[in-house]
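# here is a sequence with its predicted model. Questions after.
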Amino acid sequence: MRSILQKRGQQEIAGFVLIVLLVVVALLVFLVISAKKETVAASDKSIENLLSSLMSYTSECVVKEPSYESIRELIQDCYKDNSKKCKNNGQPVCEYLNETVAVMLPILLKTESSVSAYEMRAYYEDDDVHQEILNVKGGRYNLTNGSPFGASEMISSEDGIIKTTITVIVEN
């Protein structure tokens, strides 16, 4: 009688261990799936924050006295009149805009070691007109080993809307 009870107890313990193992495996699968979803959402939000910060950055270009222009204002000025110059350094606004963004983007993205490429564009487009205002690219574009993430911001203008986009390729 005692050996029968002992075998029954061993079977119950083995069943309990099996149930615990199944629960642990299910929890691990759940954690892996939820961690991947959060990473994607965080990447998109990070790119939106990057674009917003970049657009609000105050440059060292003065178009109208006495204030320095933000990147957003430089894009608007470049669209309105591409012959405008910065009063404090004499450089054309469009040239200054492209140079400033080309220097800033790699520095801002340097902390993100998984970013392999980036592109920032600003352009005006309607039925008849397409005007490229800003186009800065860098890195190695390889969509087979990476995922694109992006954000966009619209800038109002007298004639319509200027669209600003930023796209980064994040290595998988």
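Here it is on my side, so go on.

# only C-alpha atoms from now on, for both contacts and neighbour counts.
Will do.

# ranges for the strands of the chain?
With DSSP state E as the criterion, the chain has strands at 115-125, 130-139, 146-156, 161-171.

# tell me the angle the shortest one makes with strand 115-125.
Here the directions of strand 130-139 and strand 115-125 differ by 170 degrees (axes from the mean of the first three to the mean of the last three Cα atoms, to 10 degrees).

# could you list the buried residues of strand 130-139?
By 16 or more other Cα atoms under 10 Å, the buried positions in strand 130-139 come out as Ile133, Leu134, Asn135, Val136, Lys137.

# what's the pLDDT at the residue nearest the centre of the chain?
Residue closest to the average C-alpha location in the chain (Cα atoms, centre = their mean): Ile47, at 2.1 Å. In this model, Ile47 is scored at 87, pLDDT.

# now do the contacts for it.
Phe149, Gly150, Ala151, Ile166, Thr167, Val168 (Cα atoms under 8 Å, 6 or more residues apart in numbering).

# can you redo the strands of the chain as a markdown table with mean pLDDT?
Below are these laid out as a markdown table (pLDDT from 0 to 100):
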| stretch | mean pLDDT |
| --- | --- |
| strand 115-125 | 90 |
| strand 130-139 | 91 |
| strand 146-156 | 88 |
| strand 161-171 | 89 |
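
# now the ones you listed as CSV including distance to Glu69?
Below are the strands of the chain laid out as CSV (distance: least, Cα to Cα, whole Å):
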stretch, distance to Glu69
strand 115-125, 16
strand 130-139, 16
strand 146-156, 15
strand 161-171, 17
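
# of all the ones you listed, which one is nearest Ala102?
Closest of the strands of the chain to Ala102 is strand 130-139, at 5.9 Å (criterion: Cα to Cα).

# can you give the distance from the closest one to the centre of its chain?
Offset of strand 130-139 from its chain centre (Cα atoms, centre = their mean, to the nearest Å): 16 Å.

# what does stretch 53-68 give?
23 Å.

# isn't Lys137 up against Glu119?
Yes - contact criterion Cα atoms under 8 Å: Lys137 and Glu119 qualify, at 4.3 Å.

# of the contacts of Ile47, which is the most crowded?
Val168 (26 neighbours; other Cα atoms under 10 Å).

# what about the closest residue to it other than its chain neighbours, how many residues close to it?
Distances taken as Cα to Cα, 6 or more residues apart in numbering place Tyr118 nearest to Val168, at 4.2 Å, with adjacent residues excluded. As a burial measure, Tyr118 scores 22 neighbours (other Cα under 10 Å).

# and what of Pro106?
The number of residues packed near Pro106 is 16, by other Cα under 10 Å.

# show me what contacts it?
Gly138.

# ok, 10 Å please
Contacts for Pro106 (Cα atoms under 10 Å, 6 or more residues apart in numbering) come out as Glu112, Ala117, Tyr118, Lys137, Gly138, Gly139.
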